[in-house]
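Colleague: Below: sequence and its predicted model.
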Amino acid sequence: EATVRLLAAGEVIDSPAAVVRELVENSLDAGADRIRVGLWPELWRVQIQDNGFGIEASELAMAAHAHATSKLRTLSDLWQLRTLGFRGEGLHSIAVVAQLEIVSATGASPTALRARYDHTGALQSLEAVAGAPGTVVTASELFDEQPVRRRFLADHKAQARLVAQLLQRYALAHPGHLFELAHDGRKVLQLPPAANLKQRILQILTQYDEHDLREVTLAHQSRSVRLVMGLPDRCSRARADWLQIYVNRRFVRHSELEQAVRTGFERTLRRGRHPLCIVQLELPAEEVDWNRHPAKLEVQLAATPQVAALVIAAIAEGLRHFAP
Ligand code: ADP
Ligand code: MG
């Protein structure tokens, strides 16, 4: 029973970055626009603080139970997914592999509540504490009972890099939100609210300035694309990981669309250079099939050729702006 639970949880939570993924997505689902992540790799500790709508006492008690979710009310919700989480696995899986503590206050209550959970996800203690509206989730002693997993994740610097990369993706998907990352208490990523995607990219890629980038938006029927692309001559420094596709505010890997971006740049980019291009698509929910494993980034689109054509047209438009 305990072993089965550990195996299942380990599939969802396989690294510190997976904890960050689940908790940041919960914060976004809670309407937060200020999200601060603390990482103490050597202590196997991760903390996320948000200013979202908080968790009520009755829900807090149940929050880490298997399949506890407030997000899926009807079966048809499954096909119209707006929230990032929906399976009620996140907090439960974290509780199984770590010491889970949640401090949360809703706007309605004057004090916060602190809840602690055991490794089955059952509530261990609940007490009133001081705290601002919002939620602070702390996972510590991560993988304490999984020495093999810990050995596999022994490179703390690599873990921290993955967390930073993940957070940058959420920050690009939500340019108007504040995101921060602290590593052992030291701020390593500080992204205040940006006016738009282009400004957000400039916060992250500090070697670029305004004139190196173009923002293009294009819509056709019910599909729209917003992309920010680098001036071809300035793309040399951009590594391959700055070709990014987002669908309905989620980072995804989609080889056909990535190829469409390369095609769009083909004639203008010199050999060996990688396009800098952040592509954000808004597509009707019924055209998007999310692969439902939380860790998987693949997505299936009903209209890939049309979307690819839209992307290529947007890049062509952006390149016209660069013309001397
Ligand atoms: P899911 O996200 O799939 O619903 P989780 O286990 O990740 O499942 O979270 C369980 C529930 O706890 C959520 O449905 C939500 O009601 C509540 N919750 C979790 N994190 C937060 C948060 N940061 N702010 C508000 N509510 C939260
Ligand atoms: Mg969740």
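Modeller: Nice, thanks for sending it over. Ligands and ions are numbered 1, 2, ... in the order given.
Colleague: Any idea how far stretch 112-125 is from the middle of the chain?
Modeller: 25 Å (C-alpha atoms, centre = their mean, to the nearest Å).
Colleague: What of stretch 194-211?
Modeller: Distance, centroid of stretch 194-211 to centroid of chain: 19 Å (C-alpha atoms, centre = their mean).
Colleague: Ok, stretch 185-198 next?
Modeller: 14 Å.
Colleague: Glu127 falls within a strand, correct?
Modeller: Yes. Read with DSSP: H, G, I helix; E, B strand; the rest coil, Glu127 is one of the residues of a strand.
Colleague: so where does the closest residue to it other than its chain neighbours fall, helix or strand?
Modeller: Once flanking residues are discounted, Glu127 sits nearest to Arg114: 5.4 Å by C-beta to C-beta, 6 or more residues apart in numbering. Where you see a C-beta, it was placed from the backbone N, CA and C, and this is true even at glycine. Secondary structure from DSSP states H and E places Arg114 in strand 112-117.
Colleague: Just the CA atoms of that strand, as PDB, please.
Modeller: Output in PDB follows, covering the C-alpha atoms of strand 112-117 (Å, rounded to 0.1, in the frame of the first residue of the first chain):
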ATOM      1  CA  ALA A 112      -4.100  32.300   8.300                       C
ATOM      2  CA  LEU A 113      -4.200  28.600   9.000                       C
ATOM      3  CA  ARG A 114      -1.200  26.300   9.100                       C
ATOM      4  CA  ALA A 115      -1.800  22.700   8.000                       C
ATOM      5  CA  ARG A 116       0.600  19.900   8.100                       C
ATOM      6  CA  TYR A 117       0.100  16.500   6.500                       C
END
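Colleague: Which strands and helices lie in contact with it?
Modeller: Under the contact definition 3 or more C-beta pairs under 8 Å, 6 or more residues apart in numbering; DSSP states H and E, strand 112-117 sits against helix 57-62, strand 99-105, strand 123-129.
Colleague: Next up, the contacts around the closest residue to Leu283 other than its chain neighbours.
Modeller: Spatial nearest neighbour of Leu283, chain neighbours left out: Arg223 (5.5 Å); criterion: C-beta to C-beta, 6+ apart. Residues in contact with Arg223, defined by C-beta atoms under 8 Å, 6 or more residues apart in numbering, are Leu281, Glu282, Leu283, Pro284, Glu287, Ala303, Gln306, Val307, Leu310.
Colleague: For ChimeraX, write a command that selects the buried ones of those.
Modeller: Listed next is the ChimeraX selection for buried residues among the contacts of Arg223, using 16 or more other C-beta atoms under 10 Å:
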select :281,283,287,303,307,310
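Colleague: In TSV, list the contacts of Arg223 along with pLDDT.
Modeller: Shown next, in TSV, are the contacts of Arg223 (pLDDT from 0 to 100):
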residue	pLDDT
Leu281	98
Glu282	97
Leu283	96
Pro284	95
Glu287	94
Ala303	94
Gln306	97
Val307	97
Leu310	97
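Colleague: State the distance from the residue nearest to Leu283 to His174.
Modeller: According to C-beta to C-beta, to the nearest Å, Arg223 and His174 sit 20 Å apart.
Colleague: Among the contacts of Arg223, which ones are in strands?
Modeller: Judged by DSSP state E, strands contain the following of the contacts of Arg223: Leu281, Glu282.
Colleague: just the contacts of Arg223 now: which is nearest Pro110?
Modeller: Glu282 (39.3 Å; C-beta to C-beta).
Colleague: list the helices and strands the helix or strand bottoming out on mean pLDDT in the chain packs on?
Modeller: Every helix and strand of the chain was ranked by mean pLDDT, DSSP states H and E. The lowest is helix 2-12, at a mean of 83. The helices and strands touching helix 2-12, judged by 3+ C-beta pairs under 8 Å, 6+ apart, are helix 90-97.
Colleague: rerun at 10 Å
Modeller: Helix 2-12 is packed against helix 16-29, helix 90-97, with contacts defined by 3 or more C-beta pairs under 10 Å, 6 or more residues apart in numbering; DSSP states H and E.
Colleague: buried stuff in that helix?
Modeller: Arg5, Leu6, Ala9, Gly10, Val12.
Colleague: go on, stretch 207-217?
Modeller: Buried residues in stretch 207-217, counted by 16+ other C-beta under 10 Å: Tyr208, Asp212, Leu213, Arg214, Glu215, Val216.
Colleague: These in strands, which ones?
Modeller: Reading strands off the buried residues of stretch 207-217 with DSSP E, I get Leu213, Arg214, Glu215, Val216.
Colleague: which of these are close to ligand 2?
Modeller: On the criterion C-beta under 5 Å from the ion, none of the entries of these sits beside ligand 2.
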